[in-house]
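Undergrad: Sequence first, predicted model second:
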Amino acid sequence: MPLPKPAAPERRRPLVVAIDGPAASGKSSTAKWVAKELGFRHVDSGALYRAVTAAALARQADSQEWSEDDVLAAAAVVRLEPGETSFEPRLGDAAIDDELRGAAVTAAVSLVAKMPRVREWVNARVREAAAGHPVVVDGRDMGTAVFPRARVKIFLVADPWERAKRRLLQRFERLPTDEEIAEETDALVRRDAKDESQTQRAPEAVLIDTTYLTQEQQVERIVALARSAMRLSR
Ligand code: C5P
């Protein structure tokens, strides 16, 4: 009797590195750098929530008037443009990086992110991006709701004062004063509270406290974890 043919090797899914954490914990800049080091693409799920918010603002400036259906209708113009090392959100053909970080979007984004069907819409876009290419994704629930089987899961934390200082350094390109840092710390802590329900740490995620780490050190640790996962899955 002929021997049975060996089963065809299972088609491997592209590797996912999921980085979660609170506002201004350095997720996106770290994820971008990690993606470059590994030759993966970066997907910033927060930027997608921000892009949907910008699209909703373009249709109706008063966020109190928005229904979930309005926001989903606005999301129809949002797409992810694949680049060499990232997927960038676009409104139609327009690049919108500056607008996404602006005060109007930041004030309304937590409201949008609480809408269950908007979360499903964002999650579907992120999963589509990850289906064909290895990715580094960052957000609040990437290692839990979106990619529960991600092979590398990281949860970044940092002291709120330090997070506020880093954010202002980036924004002002100078050293912020203590008063400025205190005000920004307050804003960050309030946003953390608004986002609490959707910020989930997977129990198996590696916790990295970046308060006393340089960005280079954070990146090195995550790249090492990803390389080890890649070796194990060969
Ligand atoms: O990461 P970033 O601060 O740009 O995210 C903007 C907002 O998007 C967060 O304040 C949060 O409300 C929402 N968000 C989320 N789930 C994610 C990523 C972001 O609810 N996975």
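TA: Noted; the coordinates are in hand.

Undergrad: Report the strands that pair with the lowest-mean-pLDDT helix or strand in the chain, each with its relative direction.
TA: Between all helices and strands in the chain, the lowest mean by mean pLDDT, DSSP states H and E belongs to strand 94-95, at a mean of 80. Each strand paired with strand 94-95, and its direction, by DSSP bridges: strand 86-91 (antiparallel).

Undergrad: Can you give the contact residues for the strand it pairs with?
TA: 32, 35, 41-44, 47-48, 50-51, 54-55, 58, 77-81, 95-97, 100, 129, 135 (Cβ atoms under 8 Å, 6 or more residues apart in numbering). Where C-beta positions appear, they are placed from N, C-alpha and C, glycine not excepted.

Undergrad: Just the pLDDT for the nearest residue to Q200 once chain neighbours are set aside.
TA: Counting by Cβ to Cβ, 6 or more residues apart in numbering, the nearest residue to Q200 once its immediate chain neighbours are dropped is T144, at 4.2 Å. Reading off the per-residue confidence, T144 sits at a pLDDT of 97.

Undergrad: For L207, give the beta-bridge partners.
TA: Each beta-bridge partner of L207 is listed here: F155, as defined by DSSP bridges.

Undergrad: Neighbours of it, how many?
TA: L207 is surrounded by 10 other residues when neighbours are defined as other Cβ atoms under 10 Å.

Undergrad: Ok, V219 next?
TA: By other Cβ under 10 Å, 20 other residues sit near V219.

Undergrad: Domain-wise, how is this protein divided?
TA: Domains of the chain are assigned by automatic domain parsing as 16-40+134-234, 45-133.

Undergrad: can you list the residues of the chain near the ligand?
TA: Taking Cβ under 6 Å from any ligand atom as the criterion, the chain approaches the ligand at residues 23, 45-46, 49-50, 109-110, 113, 139-141, 191, 195, 198.

Undergrad: what do you get if the cut-off is 5 Å, keeping everything else the same?
TA: A23, S45, G46, Y49, V109, S110, A113, G139, R140, D141, D195, Q198 (Cβ under 5 Å from any ligand atom).

Undergrad: In helices only, show me the residues you listed.
TA: When the residues of the chain next to the ligand are checked against helices using DSSP state H, the ones located there are S45, G46, Y49, V109, S110, A113, D195.

Undergrad: Quick one: residues contacting the fourth one.
TA: By that I understand V109. Residues in contact with V109 (Cβ under 8 Å, 6+ apart) are G46, Y49, R50, T53.

Undergrad: same thing with the last one?
TA: Shown in contact with D195 (Cβ under 8 Å, 6+ apart): P22, A23, S110, A113, R140.

Undergrad: mind checking pLDDT for it?
TA: Residue-level pLDDT assigned to D195 equals 89.

Undergrad: Also the second one?
TA: If you check G46, the pLDDT there is 96.

Undergrad: Equivalent analysis for the fifth one, please.
TA: We note a pLDDT of 93 for S110 in this prediction.

Undergrad: Then the third one?
TA: The model reports Y49 with a pLDDT of 97.

Undergrad: picking that back up, please verify my assumption that the residue nearest to Q200 contacts P203.
TA: No - under the contact definition of Cβ atoms under 8 Å, T144 does not touch P203, with a separation of 9.3 Å.

Undergrad: Flag the shaky bits of the protein, pLDDT-wise.
TA: Low-confidence regions of the chain, defined by pLDDT under 70, span residues 1-11.
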